[in-house]
Structures are given as structure tokens and as C-alpha cells.
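Engineer: Prediction below, plus the sequence it came from.
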Amino acid sequence: MGRYPVSATATKGPDSAVKTMALGAVGGPLTRLIDNANEGGTRPPIVDAVTFMATKIVTPPEIVAGVMHKGSKAVYGGPSKALKTWTLMDLGLSVANGAPWLGFNTHRGRVLYLNFELQEFGVQYRLGVIATAKCIEIPATLHLWNLRGHGCPLATLLPELLRRIEGEGYDLIIPDPIYKTLDGRDENSAGDIGRVCAELEAVAVQTGAGVAFGAHFAKGNASGKESIDRISGSGVWARDPDSIIVATPHETAGAFSVEMTLRNFPPTPPFVIRWQFPLMVRDGGLDPQRLRQPQRRAGASPGRPDVTELVDSAVALVKDKPMDVTIFRGKLERLANTQARGRELFKVLVGGGHLEELHDRGRGRHEAWIGTPDQIKKLRQRTFPE
């Protein structure tokens, strides 16, 4: 019997049949679920809060001080051609040496860099110029797995990766770029990206290493969005990691404002980094609030952006799943500041093919959803199966 036995009378009474059904008759669906769960036995036990709080849990080392622990996940997000790979290679080389990265101290450790994109001579060149600029060595604690031309879904790669790195004791693993591991998965699908993040988490849990990867912004100007909403595709990309580092173009050319959302650390004030080949370096003289703004069309109101500049922000509202059209229209009005501008933006979104509607009319009812073309295609297949 378990630690907290249930009274034998718990399911008795005038509605015992109903209660028995709720708990799962022998051979019923719930019983089968319980049997399957009992066969597992690999998950941690349920513990009471008193016991949990009395247990001494060692805080893992901070790979990047104040930003990322060993065993956690981090995403570095930025727009296309924002030098994310350079910056992630700098991270790997810095941790392998225990050298600062973007102004943060690092804990020296063993690093594995998974290269899915660069030709090998390009990797040699970049590591060489980064090491020279930082006045550090390229140590044997930095390992490379060059997989350009050998890409495959992360789920397929995972068993081989775990087998190869068993016993290596890596502190940090950097798969770059992560989109190369999608291989047909939809970056706008919360389910698909949730599975990718679960696979990355499996690497972190089974190896104890931190996992850091890069993610790109949606096309267009991102300054009008919240920092965690600037990353393209499903919102899971920007909500699953423990440390979210977002670099948004600054009004100064070659500079980026960095904002961090940290699950296990106190907030870090935004700051600015600037490209000084081959490194991103901090620039304390620039205001991180001065983000690059889109150029306005001739005749557009100086106090409000043209509605076409709000397209990316509007599409982001349904990045995880389709939305009821009425609710979506209300959100557009708030985004565009007026009802008229909200209607105008709606026409741009649907007329321009950014979003699609799906209507389901039945007896005395009318339901309408809006989402990306791919979302609506899948919803139509579920709603109106052939």
C-alpha cells in the first residue's frame, strides 16, 4: 500500500457506479494508462514539499555568470545576418578558456560545438581570428563535430550524439544553426518546436551540459514587439529555454541592444553590443532603448506607424495556434490604436496572404478562425475531413 492510502469507502455510495467509472474500471482506458505508467519506473518519484525543501540540492556552476547554469538551455536570438554564429563561436571559445563573453565572466569547461552550416576551412578561419582578437588560445577542451552535408532531424541524431559524447564531461554544447536540425518540421508549429526543445532538454539532462543555440527573428522590423516575441516561428522557441538572450538592431549601425529574460537569475539590465570584427563588444556609451525604427512611407502619420509596419506583430499573435476571428480583430484594434486602423490592418493581413480565415457554419452557429495558411490548412483537415 502507498504512503497515503485511500479509504475503502471512498468510492462507495449511491453513485458508486459513476465513481468507479471515473476511477477506471478494470481493463478500462485509465487502468491501461496506470499499468503503462507502472511499467516505466524511470521518472523521479513524487515527494512532499517538506522533504523536498529539506533536501540539499547543489546549484550547478554558472557557465556564463549571471546568465546560464550548467545543465540549462539558452537561446541567442537576432535578425538575419546579425552575426549569431560568430557570437556563438565566441561563446564556445570563451567558455573553453574561461574568458569573458559579452562582458560576462565564464566558468572554464569542456565545450562541444556542433557545426551544421560552415565549411571546415571557415570554422578554422573564424576560430583563429576570434582567438587572436581575444588574446586567448584554441584549447583542446574545445571539441568540434563538423556535420555540414550530414544534417538530419535532431531526433535521429540524438542517439548517436549521446553515444559519442558519453563520458566526455562536456559543460556546454552548442548546436548551430538549430534550424538545420528541423528537417521538415514546421518552425511555426508549437508541437514540432516543442519536440525539438524536448530533444535539446534530453541532451542537457542526460549529459549535464548546458545547451546554447541561436534563433532568428521574423522578417521586418522587430522593435515594436516584446523582446521574447521577436524570435521567428513558434513562441515555444522563446519560452522554453531557461535563458533568453535577444539582440535587436540599434539605431547605430552595427550595434545591437541586448535584452535578457532569465528564469534562474535576477534581471539583467539591457545593454548594447557593437560589432568590432571579429567580435561583439559592449558599448556603454549607447542607450539600449534607442532601437532602429522602420522608415515611414511619405505621408504617413509621424505619431503612428503605417499599418503595413504592424504585419509581423499581428502575425505573431497567432504564431502558436489559430485564433477566433472576433478576438483577433479586438487585438488588432489595440495593436493599431483605432478600430478603423485595425480593420485596415486586417485587410492587409488577409488580402496579402499573410493570414487566412476558416468559417464553419452549422445549424444556428457560425464559428470563424484566423491563422497562418499552414495552420488553417491543418485546421481545415481536422474540421472538414474528406
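Structural biologist: Everything's here; your move.

Engineer: make it CA atoms for all contacts and neighbour counts henceforth
Structural biologist: OK.

Engineer: Show me the shaky parts of the stretch 151-300 of the chain.
Structural biologist: Within the stretch 151-300 of the chain, the stretches with pLDDT under 70 are 218-238, 294-300.

Engineer: ok, residue 324 to residue 373 distance?
Structural biologist: Going from residue 324 to residue 373 by C-alpha to C-alpha, to the nearest Å gives 15 Å.

Engineer: Next: residue 243.
Structural biologist: Distance, residue 243 to residue 373, using C-alpha to C-alpha: 31 Å.

Engineer: the more surrounded of these two?
Structural biologist: Applying other C-alpha atoms under 10 Å to residue 243 and residue 373 shows that residue 243 carries more neighbours, namely 24 against 16.

Engineer: hey, what's that one bridged with?
Structural biologist: Following DSSP bridges, residue 243 is listed with bridge partners residue 74, residue 262.

Engineer: is it true that it touches residue 267?
Structural biologist: No. Using C-alpha atoms under 8 Å, residue 243 makes no contact with residue 267, being 10.8 Å away.

Engineer: Now list whatever residues contact both of these two.
Structural biologist: Any residue near both residue 243 and residue 267 by C-alpha atoms under 8 Å, 6 or more residues apart in numbering counts here, and that gives 260-261.

Engineer: Give me the pLDDT value at the residue nearest to residue 353 when sequence neighbours are not counted.
Structural biologist: Excluding the flanking residues, the one nearest residue 353 by C-alpha to C-alpha, 6 or more residues apart in numbering is residue 373, at 7.7 Å. Per-residue pLDDT puts residue 373 at 89.

Engineer: same deal with residue 364?
Structural biologist: Looking at residue 364, its pLDDT stands at 67.

Engineer: what residues are up against residue 119?
Structural biologist: Here residue 119 is in contact with residue 148 (criterion: C-alpha under 8 Å, 6+ apart).

Engineer: Correction: the previous question concerned residue 101.
Structural biologist: 64, 90-91, 94.

Engineer: Quick check: bridge partners of it?
Structural biologist: Counting by DSSP bridges, residue 101 forms beta bridges with residue 104.

Engineer: How much space separates it from residue 343?
Structural biologist: For residue 101, the distance to residue 343 equals 46 Å [C-alpha to C-alpha].

Engineer: repeat for residue 251
Structural biologist: Residue 251 is 31 Å from residue 343, where distance means C-alpha to C-alpha.

Engineer: How about residue 360?
Structural biologist: 22 Å.

Engineer: can you tell me the helix or strand for residue 163?
Structural biologist: helix 154-165 (DSSP states H and E).

Engineer: which other helices and strands contact that helix?
Structural biologist: Applying 3 or more C-alpha pairs under 8 Å, 6 or more residues apart in numbering; DSSP states H and E, one finds that helix 154-165 contacts helix 190-207.

Engineer: helices and strands around whichever helix or strand comes after the helix it packs on, which ones?
Structural biologist: Moving toward the C-terminus from helix 190-207, the next helix or strand (DSSP H and E) is strand 210-216. For strand 210-216, the packing partners by 3+ C-alpha pairs under 8 Å, 6+ apart come out as strand 73-78, helix 84-97, strand 172-176, helix 190-207.

Engineer: which one of these lies closest to residue 306?
Structural biologist: For these, proximity to residue 306 was assessed by C-alpha to C-alpha; strand 73-78 is nearest, at 23.6 Å.

Engineer: just the CA coordinates of that closest one, formatted as CSV?
Structural biologist: Written as CSV, here are the backbone C-alpha positions of strand 73-78 (Å, rounded to 0.1, in the frame of the first residue of the first chain):
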residue,chain,number,x,y,z
LYS,A,73,19.2,25.8,-22.1
ALA,A,74,19.8,29.2,-23.6
VAL,A,75,18.8,30.8,-26.9
TYR,A,76,20.5,33.7,-28.6
GLY,A,77,18.0,35.4,-30.9
GLY,A,78,18.7,38.0,-33.5
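
Engineer: all strands of the stretch 201-350 of the chain, in order?
Structural biologist: 210-216, 243-249, 255-262, 271-276, 279-282, 323-324 (DSSP state E, counting those that start in this stretch).

Engineer: just so I know, which of those lies nearest residue 190?
Structural biologist: Nearest to residue 190 among these is strand 323-324; the distance by C-alpha to C-alpha comes to 14.0 Å.

Engineer: Listing partners with orientation, what would you give for that closest one?
Structural biologist: In the sheet, strand 323-324 lines up against strand 365-371 (antiparallel) (DSSP bridges).

Engineer: Could you check the strand it pairs with and say which residues are buried?
Structural biologist: Burial within strand 365-371, assessed by neighbour count using 16 or more other C-alpha atoms under 10 Å, is assigned to 369-371.

Engineer: Could you do stretch 379-386 as well?
Structural biologist: Within stretch 379-386, the residues that qualify as buried are residue 379, counting by 16+ other C-alpha under 10 Å.

Engineer: just stretch 241-255 next, same as before
Structural biologist: By 16+ other C-alpha under 10 Å, the buried positions in stretch 241-255 come out as 241-251, 255.

Engineer: which one of residue 360 and residue 343 has more residues nearby?
Structural biologist: It is residue 343, of residue 360 and residue 343, that has more neighbours when counted by other C-alpha under 10 Å, with 17 against 12.

Engineer: got a list of what the more buried one touches?
Structural biologist: 329, 332-333.
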